[in-house]
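[1] This is the structure alone, sequence omitted:
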């Protein structure tokens, strides 16, 4: 059974940085595409970034391009999201997702983590 645990969320001032981590178990990690999603109160969950199995291809939603960097360490079964120059609009609960296949650039029919809260103060 695939299990994902996110960490690294917290309260940061606008312009600061934060690194999220997602540790996976119960899977062969490099067989899975991984992604980060976020959901703000009253809004739908949206894809933020994704990374293919070997890490050779990445995708970012326009609002985070140039500020966020997704990476993965297949030796540690861990996914990362480096968040730089954060903005109040980045405030949301961030979820890690894992899927064997992709759809629309993101893991399809993913397994979800429980999420980690990111709050950006202005």
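    Structure received. Treat the numbers as computed from the prediction; the structure is a model and nothing was measured.
[2] out of everything not next to it in sequence, what's closest to residue 8?
    residue 20 (4.2 Å; CB to CB, 6 or more residues apart in numbering). Quick note: C-beta positions are derived from backbone N, CA and C, even for glycine.
[3] my bad, residue 90
    Per CB to CB, 6+ apart, closest to residue 90 is residue 120, 5.2 Å.
[4] on that earlier part again, where does the residue nearest to residue 8 sit relative to residue 101, distance-wise?
    23 Å (CB to CB, to the nearest Å).
[5] still on that earlier bit, can you tell me how far the residue nearest to residue 90 sits from residue 91?
    Relative to residue 91, residue 120 is positioned 5 Å away (CB to CB).
[6] Now that residue 14 has come up, it's in contact with residue 84, right?
    No: with contact defined as CB atoms under 8 Å, residue 14 does not reach residue 84; the gap is 11.6 Å.
[7] And the contacts of the least confident helix or strand in the chain by mean pLDDT?
    Sorting the helices and strands of the chain by mean pLDDT, DSSP states H and E puts strand 102-103 at the bottom, at a mean of 90. The list of residues contacting strand 102-103 from outside it, by CB atoms under 8 Å, 6 or more residues apart in numbering, reads 33, 50, 52, 108.
[8] And the strands in this protein, which stretches?
    Applying DSSP state E to the chain gives strands spanning 3-7, 10-13, 18-25, 33-39, 46-51, 58-60, 68-73, 78-83, 92-99, 102-103, 106-107, 111-112, 116-121.
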